[in-house]
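> 3D model of this:
(one chain, ligands or ions: 1)
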Amino acid sequence: MHLLVKPGAAFRLDPHLDYIKKMVAQGGPEPRHYASFERWLTYVAMELRTERMTKEELHMLHEAFGRALSLETNQGLGLRKPHGYPGDYEIIDRIYREHITDDPHLRNWDLYFHTQAAPRAVRNRKAYFIDLLHALVASVPGTDSLPVLNVASGPARDLFEFFQGNGRDPRVTVECIDADPKAIAYAEALCAPYHDRATFHEANALRFTSDVRYRLIWSAGLFDYFGDKGFIFLLERLLAMLDDEGELVIGNFSRKNTTRDYMEVIGEWDLYYRDEDALRALARSCGVADEDVRIGQEPEGVNLFLHIKRGHSFLRMQARLNGASHPFRYAG
Ligand SMILES: C[S@@+](CC[C@H](N)C(=O)[O-])C[C@H]1O[C@@H](n2cnc3c(N)ncnc32)[C@H](O)[C@@H]1O
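Purely as a prediction, here's the structure:
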């Protein structure tokens, strides 16, 4: 790509419009264009962050994509947000299914979409959850029931595959909550063959409470949308619903996400990125002892997982919280 842009020069939209129009005319990026397209994304993301490029100019750039940014493409679905919020069940399930449009002129955009680190990390987190469920079953002998809470369950493709595989241990029942009624309907239909094992409720995670004490609480693709205050608030609520022997696992994208520029420039899809230290600090803010925390990651290293396992120090922390005048006062 030769945009002839000199460092420090005033931002000019025209060369970028020409670049995109050319890319669109040739039918989207082919593998030989990926590196230069990514350099272009890095450049535009920097111009946006430094506010040399305005949102209005970004939207003019989006218009230049034409149908390549319509609902027909994954990136278009990501940008247009037809369900009203980023990261809806539809785009997430397209990522899981590696959906590619039938339109030969738009195909390259979807092929490029799925090669990137972020969709790969999302697919990996499905496997991560399934592995956790198998580990739960394997680690608990006997007939104890193993209630699981899945917070912000989205399409529930992960559960569907768990049950479809050999995850039919009758002890495992999964309660799924999601704030989007369309996500609930979609997931319920997908998991219909396993309705005795999974239940779905429309609920805002921030208000959800239950008398059940869960052996596993899982939440992926939710905390990345919360600032630290919301993160701490929800983490404390979920900790209160964890069984004495339970484990709580929260996914959060890390700054290793090399797809960040694409997400922000093409999809206006912003996340709160957190590294290992930030996740540990947030757990500490909720009064969780360091020894009760471990950080996992999927193979891309993009999606991190904060694991909190109950132990003696956790129980001490609960006693302290219970004694506090406000149940969600942050210890630490
Ligand atoms: C990125 S998807 C993740 C879905 C699923 N956990 C996965 O990893 O495949 C985010 C989901 O969070 C749901 N969501 C967003 N805010 C929520 C809230 N406050 N309470 C419950 N669900 C919420 C959305 O409706 C959406 O289905």
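
> all strands of the stretch 101-250 of the chain, in order?
146-151, 172-178, 198-202, 214-219, 242-253 (DSSP state E, counting those that start in this stretch).

> Of all the ones you listed, which one comes closest to the ligand?
Ranking the strands of the stretch 101-250 of the chain by distance to the ligand, with Cβ to the nearest ligand atom as the measure, places strand 172-178 first at 4.5 Å. Any C-beta I mention is one placed from the backbone N, CA and C, and that applies to glycine too.

> Can you name every helix or strand that the closest one contacts?
For strand 172-178, the packing partners by 3 or more Cβ pairs under 8 Å, 6 or more residues apart in numbering; DSSP states H and E come out as helix 117-139, strand 146-151, helix 181-190, strand 198-202.

> Only the C-alpha atoms, please, for the third one, written as PDB.
This points to helix 181-190. C-alpha atoms of helix 181-190 as PDB (Å, rounded to 0.1, in the frame of the first residue of the first chain):
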ATOM      1  CA  PRO A 181     -34.300 -12.400  24.700                       C
ATOM      2  CA  LYS A 182     -33.300 -13.200  21.100                       C
ATOM      3  CA  ALA A 183     -30.100 -14.800  22.400                       C
ATOM      4  CA  ILE A 184     -32.100 -16.900  24.900                       C
ATOM      5  CA  ALA A 185     -34.600 -18.000  22.200                       C
ATOM      6  CA  TYR A 186     -31.700 -18.900  19.800                       C
ATOM      7  CA  ALA A 187     -29.800 -20.900  22.500                       C
ATOM      8  CA  GLU A 188     -32.900 -22.600  23.800                       C
ATOM      9  CA  ALA A 189     -33.700 -23.800  20.200                       C
ATOM     10  CA  LEU A 190     -30.100 -24.900  19.600                       C
END
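
> could you dump the helices and strands packed on strand 172-178 to CSV with mean neighbour count and mean pLDDT?
Output for the helices and strands packed on strand 172-178, formatted as CSV (neighbours: other Cβ atoms under 10 Å; pLDDT from 0 to 100):
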stretch, mean neighbour count, mean pLDDT
helix 117-139, 18, 95
strand 146-151, 23, 97
helix 181-190, 18, 98
strand 198-202, 18, 97
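
> Can you tell me how far Gly165 is from Glu98?
In this view, Gly165 and Glu98 are 19 Å apart by Cβ to Cβ, to the nearest Å.

> Domain parsing of the protein, as residue ranges.
Listed by automatic domain parsing, the domain ranges of the chain are 14-115, 119-323.

> ok, of those domains, where does mean pLDDT dip lowest?
Among the domains of the chain, domain 119-323 carries the lowest mean pLDDT, at a mean of 93.

> what sits against the closest residue to the ligand within the stretch 201-332 of the chain?
Taking Cβ to the nearest ligand atom, the ligand has its nearest neighbour within the stretch 201-332 of the chain at Gly221, 2.8 Å off. By Cβ atoms under 8 Å, 6 or more residues apart in numbering, the residues touching Gly221 are 87, 92, 122, 125, 152, 154, 251.

> For this structure, which residues are neighbours of the ligand?
Proximity of the chain to the ligand, by Cβ under 6 Å from any ligand atom, involves residues 87-89, 92, 125, 152-154, 158, 177-180, 183, 204-206, 220-222.

> How about the contacts made by whichever residue of the stretch 51-200 of the chain sits closest to the ligand?
In the stretch 51-200 of the chain, the residue that lies nearest the ligand is Gly154 (2.4 Å; Cβ to the nearest ligand atom). Residues counted as contacts of Gly154 (Cβ under 8 Å, 6+ apart) are 87-89, 92-93, 178, 183, 187, 221.

> Quickly note the distance from it to Ser219.
11 Å.

> So the nearest residue to Pro155 once chain neighbours are set aside versus Ala179, what's the distance?
Nearest residue to Pro155 in three dimensions, chain neighbours excluded: Asp93, at 3.8 Å (Cβ to Cβ, 6 or more residues apart in numbering). Note on Asp93: its distance to Ala179, by Cβ to Cβ, is 17 Å.

> Can you tell me how far the closest residue to Pro193 other than its chain neighbours is from Asp169?
Closest residue to Pro193 apart from its sequence neighbours, by Cβ to Cβ, 6+ apart: Phe163 at 7.5 Å. Counting by Cβ to Cβ, the separation of Phe163 from Asp169 is 10 Å.

> Thanks again, I'm all set now.
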